[in-house]
Structures are given as C-alpha cells and as structure tokens.
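Student: I would like the atomic coordinates for the input below:
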Amino acid sequence: MPVDIALVSSTSLSSQGRKKDWATPDRVGNIVKTLEIVYYTLYSLDALLCLLVIPFTYFLYEEYDEDAAEHGEQTFGQRVWGAFKYTIAFILFIVLLFLVGFFVRFAKKAKGDDRLDLEFFKHLLSENRGERALSFALGLLMLVGTVLYVFYTGAAVFRPLKLLGGLILMLLALLIFASMLITGIDKAKNSICGAHCGYILGHINIFQPVNWIFVKSSKVFPIDYVLFLLLVLFFFSASVVGIATVGIRFLWLTIFKIRKGHTSPQALLMATVMLNLIVLAINYSVAMVVAPQYATFGPQTFCDRTPRHPGEQPDCSDDKSRIIPCTELSSNPAAKEVCTPSVLSTFINRVTINFPFFGVVLFWGQFAFLGIYLIVFVTTLFRTPSLDQEQLDRDLEEEEEEGLLASTGRRFNATWQDITGRGRRDYGTSESN
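Tutor: Next comes the predicted model:
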C-alpha cells in the first residue's frame, strides 16, 4: 500500500498542483496498469493460498497414519488422493464464487443514481465481467477477513500496554480509535449515496487527525511513507498478537491454542489463513476509514483554475491559495488530468460500489471493531492479567515426559551398543588418539 501511494503520487508536483513534465497520460497509465497486474496477482495468490493450497496441506497432514505408514499399508499417493477428495469442495466453492460474480448483475441502484454522475465513480462501475468476478471474490474474502479483524485485531490493539513503550502505543491506539470513529460518523452522515454504494465518501467533511498528520508529513519526503508503513505494521502486529492470545476459536469453542513450542501444524496452517484474510480487512480499514483521503490520493494537489489553452495545465504560481488537495468530488476538469487515485483505493471502491452489500457489511464492521476495541481497553485498565495455571502445568508435564522419553532413548541406545559390542570397540578411542 505505501508503495502504491508513492508511485502514484510521484507523477505530480504537489507544490504546484500539476503533473510533472514526464508524467504523460500514457506513462501514468502504464504505472497504474503495472500496479493493477501486481495487485491482481497478489490477490489471486492469496485466494488460492486460502482456498486451495492450505486446505490441501491441512488434509494431507490429517490423512497421515503413522501405524499404517510403518507397516506399508499407506503410501504417499494414497495420502495425496485422500487430501484431494476433501479439497474438491473448496475447488467447487471457487468455481461457484466466480460464476456468481461473473453472471449476477449488481449495483442497479448505483447505476441510476444521479449523485454518482461523475467520471471518477462511472469508472468504478465495472462493465467487464472478469473484473466484476474478481471484485466479487475479493469482496467476499474481505468480508470474512473483517469478521476475523473485528474479534482478533480489535481485541489485541491494546495488548502492547504490557510492553516497554506501551504508553506511546496506547496513545497511538487512541488516536486511531478517534480517527476511525470520526470517519465512520462522516461516512454515515455525508456519504454520497449511503448504502446504495457502500458508503463511499467523496471528501472528508470533519477534521480527521490521522489523515491530517499524513497530509502534513508528506511535505517532507519520505516521512509520510514511513509513518504509513508503521501504521500498517501496527495493525498486522496486533492481529498476530490477537490470534496468539485468543487462539483459534469458533464462537466460545477453542479449536486450537497458539503456544510457544506447543503449537500444532494444523493450528499454524489455520493461523496463516486467518492472517491472510485479516490483511485484506486491514486494507479496507486503513484505506477507507483510518486515512481515506491520503490513501486515495496521497499528497497530490491540483490547481483549481481553468487552463488558458486547451490541453495545457492550469497555472497557480501567482496564487498558491488555489492549489487544493485532490478529492473524488472535484468537478474541475484539471483535477481529472492531475489527480490519480491509488490502485488499492480504486479496487476497494469498485468492490463496494458494484456490490453494495459488501460495502455495507465492511462499513458497519468498523463500528463493531471499535466496540471490541473499547471493551478490551476498559477491561485492560481495570483487570489484572491472569495466567492459565492449568495450561502451564500441562505444558510442564509434557516437557517432563519429553525429557524422560529422551533420556530413556539415550540409555537404550547405550545399552544396545554395549550388547552389540560397538561401545567396547569405540571405548577409549578418543583417549588413544
């Protein structure tokens, strides 16, 4: 995401509100097309990893029978076939997913909405069935990821209170909380077409601190990109901590626990899938709620004047006050020529405007995230952390058993060497040498 914003923003001169001389429409189009290919490739690999590769690996491990393998009753080919039979259901799900996105028509209300009669939003209404199918698949994965994001990332954002520097991280978490709440209220109140287009916000109407920090820091390269990268890493680290703390659960049932040195392979595979899906939800949250304007246009600006001659860029060198930040609602033709939205924001807006149901769920999921966020914060302030003594005792017993088994194995090997005479032949060899 920071690379996306940096590449798109590098085509313009923010201090003058115009494109750089080398940034012709063809050059800018090539940059955007390259980024689109990279995103499509990464999202496709992510979907295949979550829906095909990891499920197959999981079932392949479950198919292993140690006794049957030792007696030659189970071959690797049999394990592969058994895992493939269970994976067929995921393959059928992928096919069904793309068929639904390919054939079903959505966004009828959005297409007839006069409030979206702008070039920026018309571009988002996909007529290409292939793009619409990919948008549908991405939206569904983001929806699942948002559910995990709400419960795991929201529950772990305040876990750094126990670490060194926790006070700074707590202030950062509170700043993010306030910014997300402000953007959520702004979207609910001032969205262009509400639920019909997934609560797309044309421009920020209420002061938003995180977005303001990014816009102001963009004046000193590369502070804004470093801060944006740290913000994404903060959310990702909170997700990892959340999964490790809460464990892998279904409602109130614990399926797997993530413990140092005692995590099963199945738990690691499922945790990998969960993190991949949560990353998709983080993309939406950061780009659409935490820093919406910056994540869409970065530090780009345009000169709000009419060009002197057709095909020329307007000149604001004598009046810097006419240089304003890029927004989706800019009606000046110069904005269309200068302002290039990030590819990620275009993807997400395309999902929400073509499939409003996903946009509605993703939007209100942010309020659920803030609710979990607040509950955990209050609980962390007044409740002393407790240790799971029963689990600790169980881990100690397992370590003791492993130690006994290891020592027994060493004694058995030594006895066997004595019986076979190897120990006596080797005895004293090192001393004689």
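Student: what's the residue closest to the geometric middle of this protein?
Tutor: residue 279 (1.6 Å; CA atoms, centre = their mean).
Student: Secondary structure element holding it?
Tutor: Counting by DSSP states H and E, the secondary-structure element that holds residue 279 is helix 265-285.
Student: Counting neighbours, which bits of that helix end up buried?
Tutor: 267, 269-285 (16 or more other CB atoms under 10 Å). Any C-beta I mention is one placed from the backbone N, CA and C, and that applies to glycine too.
Student: repeat for stretch 213-221
Tutor: Buried-residue list, stretch 213-221, by 16+ other CB under 10 Å: 213, 214, 215, 217, 218.
Student: Please tell me how far the third one sits from residue 18.
Tutor: Shown here: residue 215 relative to residue 18, a distance of 18 Å by CB to CB, to the nearest Å.
Student: Next one, pLDDT for the residue nearest to the centre of the chain please.
Tutor: Per-residue confidence (pLDDT) for residue 279: 89.
Student: okay but it is in contact with residue 240, surely?
Tutor: No - between residue 279 and residue 240 there is no contact under CB atoms under 8 Å: 10.9 Å.
Student: and the protein, what are its domains?
Tutor: 2-386, 394-427 (automatic domain parsing).
Student: per-residue confidence averaged over the shortest one?
Tutor: Taken as a whole, domain 394-427 has a mean pLDDT of 53.
Student: shaky segments in the stretch 301-433 of the chain?
Tutor: 309-311, 383-433 (pLDDT under 70).
Student: Mind jotting down where the helices sit in it?
Tutor: 333-338, 343-354, 356-382, 389-420, 422-426, 429-432 (DSSP state H, counting those that start in this stretch).
Student: other SSEs contacting the third one?
Tutor: With contacts defined as 3 or more CB pairs under 8 Å, 6 or more residues apart in numbering; DSSP states H and E, the packing partners of helix 356-382 are helix 129-148, helix 154-156, helix 166-190, helix 265-285, helix 343-354.
Student: rerun that using 6 Å as the cut-off
Tutor: helix 129-148, helix 154-156, helix 166-190 (3 or more CB pairs under 6 Å, 6 or more residues apart in numbering; DSSP states H and E).
Student: Give me the buried positions along that helix.
Tutor: 356, 358-363, 365-370, 372-373, 376-377, 380.
Student: what angle do it and helix 129-148 make?
Tutor: Relative orientation of helix 356-382 versus helix 129-148 (axes from the mean of the first three to the mean of the last three CA atoms, to 10 degrees): 20 degrees.
Student: what angle sits between helix 356-382 and helix 265-285?
Tutor: 110 degrees.
Student: For the domains of the chain, state which one has the densest average packing.
Tutor: Counting by mean count of other CB atoms under 10 Å, domain 2-386 has the highest mean neighbour count of those, with a mean of 17.
Student: Distance from the chain centre to that one, please.
Tutor: 6 Å (CA atoms, centre = their mean, to the nearest Å).
Student: Would you list the phi and psi of residue 13?
Tutor: phi -100, psi 100 (degrees, to the nearest 10).
Student: Mind listing the residues bridging to it?
Tutor: For residue 13, the beta-bridge partners are residue 18 (DSSP bridges).
Student: Could I get the contacting residues of residue 201?
Tutor: By CB atoms under 6 Å, 6 or more residues apart in numbering, the contact list for residue 201 reads 187, 191.
Student: same thing but at 10 Å, please
Tutor: 183, 186-192, 288-289, 292-293, 296, 327-329, 363 (CB atoms under 10 Å, 6 or more residues apart in numbering).
Student: gap between residue 322 and residue 340?
Tutor: Counting by CB to CB - residue 322 and residue 340 are separated by 20 Å.
Student: could you measure residue 234 against residue 83, distance?
Tutor: Counting by CB to CB, the gap from residue 234 to residue 83 is 37 Å.
Student: meant to ask about residue 91
Tutor: Counting by CB to CB, the gap from residue 91 to residue 83 is 12 Å.
Student: what touches both of the two?
Tutor: Counting by CB under 10 Å, 6+ apart, the residues touching both residue 91 and residue 83 are 55, 56.
Student: Quick one: the helices and strands packed on helix 356-382 as TSV, columns for distance to residue 64 and mean pLDDT too.
Tutor: Below are the helices and strands packed on helix 356-382 laid out as TSV (distance: least, CB to CB, whole Å; pLDDT from 0 to 100):
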stretch	distance to residue 64	mean pLDDT
helix 129-148	28	80
helix 154-156	33	71
helix 166-190	42	83
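Student: Mind checking those helices for the one nearest to residue 246?
Tutor: Closest approach to residue 246 among these (CB to CB): helix 154-156, 6.1 Å.
Student: list the contacts for residue 45?
Tutor: 53, 276.
Student: Looks to me like it is in a helix.
Tutor: Yes - when classified by DSSP: H, G, I helix; E, B strand; the rest coil, residue 45 is found to be part of a helix.
Student: So it versus residue 64, what's the distance?
Tutor: 26 Å.
Student: now residue 86
Tutor: Residue 86 is 13 Å from residue 64, by CB to CB.
Student: Kindly report the same for residue 245.
Tutor: Here residue 245 is placed at a distance of 30 Å from residue 64 (CB to CB).
Student: For the stretch 1-150 of the chain, just list every one of the helices.
Tutor: 2-9, 25-48, 54-62, 66-70, 76-103, 108-111, 119-122, 129-148.
Student: For the ones you listed, give me TSV that also has distance to residue 177.
Tutor: Listed next are the helices of the stretch 1-150 of the chain as TSV, based on distance: least, CB to CB, whole Å:
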stretch	distance to residue 177
helix 2-9	22
helix 25-48	28
helix 54-62	32
helix 66-70	49
helix 76-103	34
helix 108-111	31
helix 119-122	30
helix 129-148	17
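Student: Residue 246 and residue 256: what is the separation?
Tutor: Residue 246 is 11 Å from residue 256, by CB to CB.
Student: Contacts only, for the residue nearest to residue 11 when sequence neighbours are not counted.
Tutor: Once flanking residues are discounted, residue 11 sits nearest to residue 23: 3.8 Å by CB to CB, 6 or more residues apart in numbering. Residue 23 sits next to 10, 11, 12, 13, 31, 338, 340 when contact means CB under 10 Å, 6+ apart.
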